[in-house]
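In: here is the input, now give the coordinates:
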Amino acid sequence: MSDDTASEGRFLVTDADEASAVLKDVDRGQVHTLSDNPGVEAGDIIEGAVEPEPPMEVTYALVEVDERRHVTVEESRELPTTQERAIAADQPEGELTRRERAGDGELHVLTVPDEETEAAVADVLDDEATLARAARLGVGRVEVRSEPGIVSVRYLP
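Out: Okay, the predicted model is just below:
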């Protein structure tokens, strides 16, 4: 690895096929298209380094992998907890509250109009930002719980 051209970081694999992959640096927002796919899948989190490939340096190679994990994002049948309901009761509709969890992870509570709860859950499940946040937090699982007017997003180890 060449120290002057390599970029180390935490990368979310946003797209992957047999021939190539696209990695997004979750801390800096940079996007790196790999010239080949070294065996990664969309949704993988890679801690490592990429380096531009000569001669034009428009595509990259994954030159170092310190850690690789796959984050799962799932909707739970469980309802929001008593704590999550209490947080939602104290915030206006359309607001988001973030709380650290005991141990690793984070908890987000969103209040939405009752009739928009299902759409909000779908948005969270499909949002690339959910995976990017999981990567930054170093967690392996995201669980989404809901009831009318409340969506809780639990970032779990």
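
In: look up how far residue 134 lies from the residue lying farthest from the centre of the chain.
Out: In the chain, counting by C-alpha atoms, centre = their mean, residue 55 sits farthest out from the average C-alpha position, at 32.4 Å. Residue 55 sits 36 Å away from residue 134, going by C-beta to C-beta, to the nearest Å. Any C-beta I mention is one placed from the backbone N, CA and C, and that applies to glycine too.

In: tell me which element the residue most central in space within the chain falls in.
Out: In the chain, the residue lying closest to the centroid (C-alpha atoms, centre = their mean) is residue 131, at 1.2 Å. Applying DSSP states H and E as the criterion places residue 131 in helix 128-137.

In: start and end of stretch 145-157, how far apart?
Out: Using C-alpha to C-alpha, to the nearest Å, one end of stretch 145-157 lies 17 Å from the other.

In: now it: average pLDDT?
Out: The pLDDT scores in stretch 145-157 average 97.

In: what about the strands in the protein?
Out: Per DSSP state E, the chain carries strands over the ranges 7-16, 21-25, 31-34, 44-52, 60-70, 72-75, 96-100, 106-111, 141-147, 150-156.

In: of all these, which one is nearest residue 84?
Out: strand 150-156 (4.3 Å; C-beta to C-beta).

In: who does that closest one touch, helix- and strand-wise?
Out: Counting contacts by 3 or more C-beta pairs under 8 Å, 6 or more residues apart in numbering; DSSP states H and E, strand 150-156 is packed against helix 82-89, strand 106-111, helix 117-126, helix 128-137, strand 141-147.

In: if you set the cut-off to 6 Å instead, what comes out?
Out: strand 106-111, helix 117-126, strand 141-147 (3 or more C-beta pairs under 6 Å, 6 or more residues apart in numbering; DSSP states H and E).

In: show me what the shortest one is packed against.
Out: Looking back up the chat, that one is strand 106-111. Using 3+ C-beta pairs under 6 Å, 6+ apart: strand 106-111 touches helix 82-89, strand 96-100, strand 150-156.

In: tell me the most buried of these?
Out: Compared across these, strand 150-156 shows the largest average neighbour count, a mean of 23 (mean count of other C-beta atoms under 10 Å).
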